[in-house]
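[1] pasting the sequence and the predicted model now:
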Amino acid sequence: MATDTRHLAVHIDRPLAQVYAFAADPANLSRWAPGLGGSVARVDGQWFVDTPEGRARLTFAPANEYGVLDHEVLTPAGETVYVPLRAIADGDATEVVFSLRRMPGMSDTEFDRDTALVEADLARLKAVLESAAG
């Protein structure tokens, strides 16, 4: 099934290892992606985030050397949303690419709103990492 996808990217002036380590840790999500939800907690080996709709479960790609930060969100409504996310080395810096997919039935206005939210999260990720010492 064909779907609309927008590849949203940000260039971060930090090495891949540093960007990956920070973004791969679910405990850091609330620092750079508050649009996903509020508090993040690990319960019985699984990660959860509190969203306005209720608690969602997060499942992340296993640690890897390729910068794959993909994850799935099991929404409170029981829908699974796959989130492709990559950190790609660019010399001594990193490009982070988020592939935003239009959900079934999503209007252009809703897709544009989600695009703006993801762009804000990526800008926040850049700001947090570039303001960090080192």
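    Here it is on my side, so go on.
[2] what about L125, which helix or strand?
    Secondary structure assignment for L125, by DSSP states H and E: helix 108-131.
[3] element containing P34?
    Assigned by DSSP H and E, P34 belongs to neither a helix nor a strand.
[4] tell me how far it lies from N28.
    11 Å (Cβ to Cβ, to the nearest Å). Quick note: C-beta positions are derived from backbone N, CA and C, even for glycine.
[5] what's the neighbour count on the residue nearest to V83 when sequence neighbours are not counted?
    Spatial nearest neighbour of V83, excluding adjacent residues (Cβ to Cβ, 6 or more residues apart in numbering): H71 at 5.2 Å. Neighbour count for H71, taken as other Cβ atoms under 10 Å: 19.
[6] same question for L69.
    The tally of other residues near L69 (other Cβ under 10 Å) stands at 20.
[7] how about it, phi and psi?
    As for L69, its main-chain torsions (degrees, to the nearest 10) stand at phi -120, psi 20.
[8] use 22 as the first number from now on
    Okay, residue one is now 22; in that scheme the one you just asked about reads as L90.
[9] in the sheet, who's paired with the closest residue to it other than its chain neighbours?
    The shortest distance from L90 to any non-neighbouring residue, by Cβ to Cβ, 6+ apart, is to L106 (4.1 Å). Using DSSP bridges, the beta-bridge partners of L106 come out as F119.
[10] and the pLDDT for L106?
    L106 is assigned a predicted lDDT (pLDDT) of 97.
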